[in-house]
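**Student:** Structure, please.
(one chain, ligands or ions: 1)
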Amino acid sequence: MIGARLGRVGEEQDVQVVVVGAGIIGLLAAHALVHRGHAVAIHAAEAPAATTSATAGASFKARSVAPGPVTDDLVAMSRRVLEEWDRRGFSAALGVTRHRHVLASDAATIDLPYADRMDDVVRRSSDDGATIRGGFRTELSFRTWYFDVPSVLPAVVAHVLDDHGVAFVRRTVGSLGEVGADAQVVVNATGMGARELVDDERLEPIRGQGVVVPFADPPDWSVSADGFYAYPRDGGLFLGGTAEPGAWDRTPDPAVTRRLVAGNARVFPALADLPTDDLEAVVGLRPYRHGGVRLDLDRDVAPVPVVHAYGHGGAGWTLAPGTAVAVADLVERVAHHG
Ligand SMILES: Cc1cc2nc3c(=O)[nH]c(=O)nc-3n(C[C@H](O)[C@H](O)[C@H](O)COP(=O)(O)OP(=O)(O)OC[C@H]3O[C@@H](n4cnc5c(N)ncnc54)[C@H](O)[C@@H]3O)c2cc1C
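**Tutor:** Presented below is the predicted three-dimensional model:
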């Protein structure tokens, strides 16, 4: 189906777009583009379920991403999009919910970038007599969006591919020029793949390992406590997490799995007795980009204009809704100005 006009066709501004990458950045970019009437196909080496996006926690919080004006704008834009999704019932359709995320620490204070943009922020300290779960010294919690990845990712895929008829082509793209022949604009949403694809040495993986464990009665909140974190999962918990800059190995390390279970037992004591031999561990490579997320229009890298959208580090789920709007705006700049 390469080159076919897909999605809502026939409108004056239709642009044929190939999105390279089927992680959350590429999928939501495709979603925004079809909603604006453009014809979209996704080309990707890995199916969505095999991407780093599938290995995330995940909640709305901008961590492990280079700070700067692009990140600031994307945080703000993503918030606006998610609020709109909430109003229209689209969040509910995808399974994106609101819950409380708790940060706990033995340190005297907790520093959270963007705390001022989070809702209903509560700070507590044992120094002031508060009792904090896990015996930690301080706690900062806020209400945020929760992306239950095993249910939200397939819902996004079904919406984009089935409801909107976006074609998915499984292929490894060797150069953006290869796909350029099939499209008027190419979107480069290849995460860590962009390091090789466009020779971007600013990209560095931050390896993250997590593990799903059975847990009776998972909470309706999530927690990050001094290097360990836990998210509710259907009948269990998703436990993290490591953050290893420069590490590329996507094979889970059983010793790390044991450490994640033991570390999270401070907040969930029942985990201390959990056998760890048969647990399902996952590894993702957060696409951290020194200098910030790349989000721009490039007319030099391929015969057709390319919109780059990669380098979201540990905040791709958070920044994807806003990135999708920015990508669609850049594609339309090409449509209007050539
Ligand atoms: C353990 C962990 C926990 C996380 N928790 C959170 C969280 O709580 N909140 C949050 O916001 N974020 C979180 N993240 C970060 C988030 O998952 C990433 O920022 C996000 O997944 C990046 O998405 P992406 O679409 O850019 O890349 P990816 O998901 O890696 O997708 C890249 C796509 O590009 C394709 N591709 C690459 N190269 C090529 C090529 N040459 N040809 C064709 N296709 C190619 C791949 O096959 C894939 O389909 C977490 C990450 C990890 C690992």
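**Student:** hey, which helix is longest across this structure?
**Tutor:** Among all segments of the chain classified by DSSP state H, the helix with the greatest residue count is helix 316-337.
**Student:** Pull out the buried residues from that one.
**Tutor:** 316-328, 330-332, 334-335 (16 or more other C-beta atoms under 10 Å). In this view, the C-beta of every residue, glycine as well, is placed from N, C-alpha and C.
**Student:** One more: stretch 109-122?
**Tutor:** Along stretch 109-122, the positions that meet the burial threshold by neighbour count (16+ other C-beta under 10 Å) are 110, 112, 114, 117-118.
**Student:** and the end-to-end length of that stretch?
**Tutor:** With C-alpha to C-alpha, to the nearest Å as the measure, stretch 109-122 spans 13 Å from end to end.
**Student:** Residue of the stretch 101-250 of the chain nearest the ligand, please.
**Tutor:** When scored by C-beta to the nearest ligand atom, the stretch 101-250 of the chain has residue 193 as its residue closest to the ligand, at 2.0 Å.
**Student:** avg pLDDT for the helix or strand where residue 187 lies?
**Tutor:** According to DSSP states H and E, residue 187 maps onto strand 185-188. Rounded to a whole number, the mean pLDDT of strand 185-188 is 97.
**Student:** what residues does the helix-or-strand element of the chain with minimal mean pLDDT touch?
**Tutor:** When the helices and strands of the chain are scored by mean pLDDT, DSSP states H and E, helix 176-180 comes last with a mean of 86. By C-beta atoms under 8 Å, 6 or more residues apart in numbering, the surrounding residues in contact with helix 176-180 are 18, 20, 43, 173, 186, 188, 197-198, 301-304, 306.
**Student:** repeat for stretch 76-93
**Tutor:** Stretch 76-93 has contacts (C-beta under 8 Å, 6+ apart) with 60, 94, 96-98, 117, 145, 155, 159, 318-326.
**Student:** CA atoms only for the helix or strand that comes right after the strand holding residue 187, dumped as CSV, please.
**Tutor:** Following strand 185-188 in sequence order, the next helix or strand is helix 194-197 (DSSP H and E). Provided in CSV are the C-alpha atoms of helix 194-197 (Å, rounded to 0.1, in the frame of the first residue of the first chain):
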residue,chain,number,x,y,z
ALA,A,194,17.4,8.1,14.5
ARG,A,195,20.9,7.9,15.8
GLU,A,196,21.8,5.7,12.8
LEU,A,197,19.2,6.8,10.4
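**Student:** The helix or strand following helix 194-197 packs against which elements?
**Tutor:** Taking DSSP H and E as the definition, the helix or strand that follows helix 194-197 towards the C-terminus is strand 203-214. Contacting strand 203-214 under the criterion 3 or more C-beta pairs under 8 Å, 6 or more residues apart in numbering; DSSP states H and E are the following elements: strand 236-240, strand 244-245, helix 254-264, strand 280-289.
**Student:** quick one, strand 203-214 and helix 254-264 angle?
**Tutor:** Orientation check (axes from the mean of the first three to the mean of the last three C-alpha atoms, to 10 degrees): strand 203-214 against helix 254-264 gives 70 degrees.
**Student:** Check what contacts the helix or strand just after strand 203-214 and list those residues.
**Tutor:** For strand 203-214, the following helix or strand on the C-terminal side (DSSP H and E) is strand 221-225. Around strand 221-225, the neighbours that count as contacts under C-beta under 8 Å, 6+ apart are 57, 59, 99-105, 133-134, 136, 141, 146, 229-232, 264, 266-267.
**Student:** Out of the residues you listed, which are close to the ligand?
**Tutor:** Of the entries in those, the ones placed beside the ligand under the rule of C-beta under 6 Å from any ligand atom are 57, 59.
**Student:** Please look at residue 74 and residue 323 and confirm they touch.
**Tutor:** Yes - checked against C-beta atoms under 8 Å, the pair residue 74 and residue 323 is within contact range at 5.9 Å.
**Student:** overlap in contacts of the two?
**Tutor:** Contact criterion C-beta under 8 Å, 6+ apart; residues bridging residue 74 and residue 323 by contacting each: 293, 295.
**Student:** Could you show which parts of the stretch 1-150 of the chain are in contact with the ligand?
**Tutor:** Taking C-beta under 6 Å from any ligand atom as the criterion, the stretch 1-150 of the chain approaches the ligand at residues 20-26, 43-46, 51-53, 55-59.
**Student:** need the contact list for the residue of the stretch 101-250 of the chain closest to the ligand.
**Tutor:** Under the criterion of C-beta under 8 Å, 6+ apart, the neighbours of residue 193 are 21, 45, 310.
**Student:** Closest one to residue 255 out of those, please.
**Tutor:** residue 45 (29.4 Å; C-beta to C-beta).
**Student:** Need the contact partners of stretch 105-121.
**Tutor:** Residues lying outside stretch 105-121 but in contact with it, judged by C-beta under 8 Å, 6+ apart, are 61-63, 67, 75-76, 79, 100, 103-104, 123, 125, 127, 136-144, 225-226.
**Student:** low-scoring pLDDT stretches of the protein, where are they?
**Tutor:** Low-confidence segments of the chain (pLDDT under 70): 1-13, 180, 338.
**Student:** Show me the domain layout of it.
**Tutor:** Per the record, the chain has its domains at 16-93+148-202+291-337, 99-146+204-288, by automatic domain parsing.
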